[in-house]
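Chemist: I'll drop the sequence and a predicted model, then ask my questions.
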Amino acid sequence: MRERLLKIMMESMHIVLIFAIVFPAVYMFGMSRTNDMEYRLYLCNFLVLLPVFLIKSIVFRCKRLGQYMIYCIALFGITTVMAAIIAGTALPEELHTGYMLIVLTECFIVMALVYAVRQNKAKHKKALEEEDRQWEKKTYSLEKPSPVFVIWFTFIYVTAKNFDCASVCNLSLFSTIVYILLAAAYHYMDKTEQYLISHQSVCNIPKRRIYAIGKVFLIIYVLILLIAAIPAIGMIKNRTYKDFRQWVKERGDEAEALMDEEKPEEYGADPMQDVMALYGEPKQAPVWVGILFYAILGSVLLSLLIAFVKMIKEQLVSFRHGNDDNGDKAEMLNQSSDREERIRGGYHRDDENVGSVRRQYRKMIRKNRKDMPKPAETPSEIEAKAGLAAHEEMKELHNQYETVRYGR
Amino acid sequence: MMVILLAGMLFVVLGWEMLYKAWWHKQIAVDISFDLECVYAGEEVRLTEVITNDKKMPVPVLEVAFQMPKGICFQNTENNQVSDYVYRRDIFALLGNQRITRSLCLRCDRRGIYDIRGLSIFAYSMFYGNEYIKKLEGGVEKRQDAKLYVYARRTNVSGIAVLCESLIGELESRKKIYEDPFCFEGIREYQVTDAMKTINWKASSKTGVLMVNTYHSILSGKIMICLDIEDAGIYKQGNLVEDSISVAASLSQKLLMRGYAVGFFMNLQHENEQYVYMQPSKERGRQRAIERLLAEKWKENEVTDYWSGVSAVSFAPDIVPVFISKNASEERKMMLEKLLGYGNKGIWVVPVENGKPAPVSSSACMYIVARGVDI
């Protein structure tokens, strides 16, 4: 159940990531752009995640189209209300209509797509039952995360770069990173599930173990992918931009007029300039502050990494030793190889006990007997010659010594 | 930036694939063995698979495939494919520095020698796109305990054994035989019925278990088992031949346990000889040698003519011959009686189809024991 919900969540995120960049990209083409409005639009578009997740969760419970339509209408209504609230609180008035339109259009597309996928799966199941080999299952491009959609984000990135829009560039870059990680995780989970389904008749298959170890493998893979993305993130400041609109302006008067209209002067002079003129140039922070900052950041990241590794190890504790559900016996090699070394070296678990009993016995006998006992003498003869045969303490030590000398 | 990002991620993806392809099979050991060296047909045995991953890198999915001759059944047959061999494929998942032990129950239906062949391991790339295969040569396939001897099925031969003993002149077990203390025969493991005075302490201290001396008997019973495995003709009667083999194995075991010297003859080409011939003896490895010989599979062209071979065997007066052959006729019975000589007696065990009468009847010197066998 948990795996299924996780899959639905990932499929929903995939659709949301693709749609969320649309409004900021459209806004980017506009003549008047407010600072960081693209980020706000992007975040507001994440409202679509709720109806997408809900509709994907309930679609297979709807037996008929009518039932599905009722759910869709209800979700549509809720989404409209929420969109209106968000638009009213977070966005300027001129963007309200555009935002509502885009969100509701996205909802509609997703609802139609989800129903089409559901119908396709039902037909596929029926074809399998009837052994209809001629029926081919359709695949919808938006159904599952796919690395192909990186092209979409790349297109947005290149366009934003040529429209002098740093925020949309950043959004598309981070969306690409998140999307690639999401696609990798989803693809791995999907393929593992398909592998287990194709081998479901195999006995003794360790499903839990395959899932658990596979997840650890996947986490390491995703972490490495994330590390590979760090250089790209670090070079954001070095990004150069072009403005396509500037290029158009140079080509004609109309473009120039558009460019003139484009430059908003609503804010007037920058008030910060006056403040800066009053206080002068800001002082550069001392070097040690920078070093201290990076040291703290590094230690925090290291601590997080150690905690993360510990968490993964704890997850796998149950798979290191003991018996699995299918009867397999698992053991870690370090412990058993240590034991083998100890045994080869002649060390047994009870060696310490054996040694101490022998020492005690020897000490007792030497106290009371001057000559060395012969190898052929039995413990009773040794004690009799030492005069300890009737000694109370000696009786218990005698039993222990006999166990150690003659026992296995 | 996007180019750097995509290039970096592509590098990671390709690098991961290459490294996993190069490393997944390193320091992986597969050990497959039977818990017993030999069992009887119809009994169960355990097959233990021990997979060891001696490196830090985990292997999420590892498939181990091997094949064995037909005749052995796994309790869970889902992982099997059966054609001319039994092909088995098991799936494991290993963490780094981990060993997994799996024990499977097998039922041995037919006699034979079963060994593990064609051991291979399989793994998959990150997204199950590519399958990697590694064949494991040597190692497991040459281990002694990777081979299982399934001896012929045990069958009730009490009647035949009693008949043998009566022909030898004794009615009870070897306790009635008087041992000659001056004729040292050999050493064997202690049994409850042995006297303490026969314990060989020196041998016991060397082996770690109690060992006793055995001596030759004054009256030592000798039996010669002559087995016929020929199944000529268009209508094959394999079950009758199998029953003959079971009788020979069970009878030799029973008689050796009772202290008789057992010899063995079989019409099979073996070690450049036309026939298998062992003189009557009570030596320690005799039963094992007979069982292993009978466990082997042979081709039809290796089976030689029984009657000409038996004719060449000399039967001393103190040897009781037991002929086991389904190819019975009165002529052959007369031939055997002539072979035995005047005054000597023998036993002929004739496996027949259930419900059918024996083709020959007993005479003064040849006792016929007909065994009904289901076809």
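Modeler: Yep, that arrived. Fair warning: this is a prediction, and the values are worked out from it, not measured in the lab.

Chemist: only C-alpha atoms for contact and neighbour calcs from this point on.
Modeler: Fine.

Chemist: Identify the residue of the stretch 201-350 of chain B closest to chain A, quick one.
Modeler: Going by CA to the nearest CA, chain A is nearest to residue B:208 of the stretch 201-350 of chain B, at 12.0 Å.

Chemist: Could you pull up phi and psi at that residue?
Modeler: phi 90, psi -10 (degrees, to the nearest 10).

Chemist: How about the one 5 residues further on?
Modeler: The phi and psi values for residue B:213, taken as degrees, to the nearest 10, are phi -80, psi 150.

Chemist: where does it land on pLDDT?
Modeler: Per-residue pLDDT puts residue B:213 at 87.

Chemist: Test my guess that it contacts residue B:200.
Modeler: Yes: Residue B:213 is within contact range of residue B:200, at 6.2 Å (criterion: CA atoms under 8 Å).

Chemist: Check the residue of the stretch 201-350 of chain B closest to chain A and give its pLDDT.
Modeler: pLDDT, read off for residue B:208, is 91.

Chemist: count of neighbours near it?
Modeler: 10 (other CA atoms under 10 Å in any protein chain shown).

Chemist: now residue B:243
Modeler: Counted with other CA under 10 Å, residue B:243 comes out at 25.

Chemist: Touching, it and residue B:375? I think so.
Modeler: No: taking contacts as CA under 8 Å, residue B:243 lies outside contact range of residue B:375: 10.6 Å.

Chemist: follow-up on the earlier one: the residue of the stretch 201-350 of chain B closest to chain A and residue B:190: what is the separation?
Modeler: Applying CA to CA, to the nearest Å, the value for residue B:208 to residue B:190 is 12 Å.

Chemist: same question, residue B:165
Modeler: On the measure of CA to CA, residue B:165 and residue B:190 end up 24 Å apart.

Chemist: For those two, indicate the residue with more neighbours.
Modeler: Set residue B:165 next to residue B:190 and count neighbours by other CA under 10 Å: residue B:165 wins out with 21 against 18.

Chemist: residue ranges for the helices of chain B, please.
Modeler: B:2-23, B:158-168, B:201-207, B:238-257, B:286-295, B:306-312, B:330-340 (DSSP state H).

Chemist: Identify, out of these, the most deeply packed stretch.
Modeler: helix B:238-257 (a mean of 22; mean count of other CA atoms under 10 Å in any protein chain shown).

Chemist: Residue A:82: neighbouring residues, count only.
Modeler: 14.

Chemist: For my notes, confirm it occurs in a helix.
Modeler: Yes: under DSSP: H, G, I helix; E, B strand; the rest coil, residue A:82 sits within a helix.

Chemist: residue contacts, the residue nearest to it when sequence neighbours are not counted?
Modeler: Nearest non-adjacent residue to residue A:82, counting by CA to CA, 6 or more residues apart in numbering or on different chains: residue A:47, 7.9 Å away. Applying CA atoms under 8 Å, 6 or more residues apart in numbering or on different chains, one finds that residue A:47 lies in contact with A:79, A:82-83, A:103.

Chemist: what's the answer for residue A:107, then?
Modeler: Per CA under 8 Å, 6+ apart, neighbours of residue A:107: A:48, A:51-52, A:76.

Chemist: Ok, residue B:239 next?
Modeler: With CA under 8 Å, 6+ apart, residue B:239 has these contacts: B:373-375.

Chemist: So which of those wins on neighbours?
Modeler: For the contacts of residue B:239, the largest number of neighbours (other CA under 10 Å) sits with residue B:373, at 15 neighbours.

Chemist: thinking that residue is in contact with residue B:242, fair?
Modeler: No: between residue B:373 and residue B:242 there is no contact under CA under 8 Å: 9.8 Å.

Chemist: Identify the contacts common to these two.
Modeler: Counting by CA under 8 Å, 6+ apart, nothing touches both residue B:373 and residue B:242.

Chemist: where does the stretch 201-350 of chain B have low pLDDT?
Modeler: Counting by pLDDT under 70, the stretch 201-350 of chain B shows low-confidence ranges at B:216-220.

Chemist: can you give me the angle the helix or strand containing residue A:215 makes with helix B:2-23?
Modeler: In the assignment (DSSP states H and E), residue A:215 maps to helix A:207-234. Put simply, helix A:207-234 runs at 140 degrees to helix B:2-23, going by axes from the mean of the first three to the mean of the last three CA atoms, to 10 degrees.

Chemist: Does helix A:207-234 reach chain B?
Modeler: Yes: interface with chain B: helix A:207-234 contributes A:209-210, A:213-214, A:217, A:224-225, A:228-229, A:231-233 (CA under 8 Å from any CA of the partner chain).

Chemist: Of those, just say which sits nearest to residue A:406.
Modeler: Of all these, the one sitting nearest residue A:406 is residue A:209; the distance, using CA to CA, is 46.2 Å.

Chemist: ok, the closest one - how many residues close by?
Modeler: 22.

Chemist: now do residue B:119
Modeler: When neighbours are counted by other CA under 10 Å, residue B:119 registers 23.

Chemist: is it true that it touches residue B:135?
Modeler: Yes: the pair residue B:119 / residue B:135 is scored as a contact, 6.2 Å apart, by CA under 8 Å.

Chemist: sorry, back to before: could the helices of chain B go into CSV alongside distance to residue B:128?
Modeler: Converted to CSV, the helices of chain B look like this (distance: least, CA to CA, whole Å):
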stretch, distance to residue B:128
helix B:2-23, 11
helix B:158-168, 60
helix B:201-207, 54
helix B:238-257, 48
helix B:286-295, 43
helix B:306-312, 59
helix B:330-340, 68
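
Chemist: Tell me, what's the model's pLDDT at residue A:345?
Modeler: You'll see residue A:345 listed with a pLDDT of 46.

Chemist: same deal with residue B:39?
Modeler: For residue B:39, pLDDT reads 91.

Chemist: so who does the closest residue to it other than its chain neighbours touch?
Modeler: With CA to CA, 6+ apart as the criterion, residue B:39 has its nearest non-adjacent residue at 5.0 Å, and that residue is residue B:150. Counting by CA under 8 Å, 6+ apart, residue B:150 touches B:38-41, B:108, B:110-114, B:295.

Chemist: Which segments of the chain make up each domain?
Modeler: Let's take chain A. With automatic domain parsing as the criterion, the domains of chain A are listed as A:2-268, A:348-406.

Chemist: I was after chain B.
Modeler: B:27-151, B:158-177+B:219-373, B:180-218.

Chemist: Could you point out which of the ones you listed sits nearest residue A:7?
Modeler: domain B:27-151 (16.1 Å).

Chemist: How far does that closest one stretch from one end to the other?
Modeler: 37 Å.

Chemist: Can you give the distance from it to the centre of its chain?
Modeler: Averaged C-alpha coordinates place domain B:27-151 at 20 Å from its chain's average position (CA atoms, centre = their mean, to the nearest Å).

Chemist: repeat for stretch A:327-336
Modeler: 28 Å.

Chemist: so what's the closest residue to residue A:325 other than its chain neighbours up against?
Modeler: Excluding the flanking residues, the one nearest residue A:325 by CA to CA, 6+ apart is residue A:206, at 7.5 Å. Neighbouring residues of residue A:206 by CA under 8 Å, 6+ apart: A:324-326, B:91-93.

Chemist: Give me the pLDDT value at residue A:206.
Modeler: 84.

Chemist: ok, which residues in the stretch 51-200 of chain A are in contact with chain B?
Modeler: So the stretch 51-200 of chain A meets chain B at A:154, A:157, A:173, A:187-188, A:191-192 (CA under 8 Å from any CA).

Chemist: Against residue B:351, how distant is the closest residue to residue B:356 other than its chain neighbours?
Modeler: Once flanking residues are discounted, residue B:356 sits nearest to residue B:372: 7.8 Å by CA to CA, 6+ apart. Per CA to CA, residue B:372 is found 6 Å from residue B:351.

Chemist: and if you look at residue A:220?
Modeler: 68 Å.

Chemist: If you count surrounding residues, which of those two has more?
Modeler: More crowded of residue A:220 and residue B:351, by other CA under 10 Å: residue B:351, with 24 against 13.

Chemist: Read off the pLDDT value for the nearest residue to the more buried one once chain neighbours are set aside.
Modeler: Of all residues not flanking residue B:351 in the chain, residue B:371 sits nearest, at 4.6 Å (CA to CA, 6+ apart). pLDDT, residue B:371: 87.

Chemist: Thanks a lot, see you next time.
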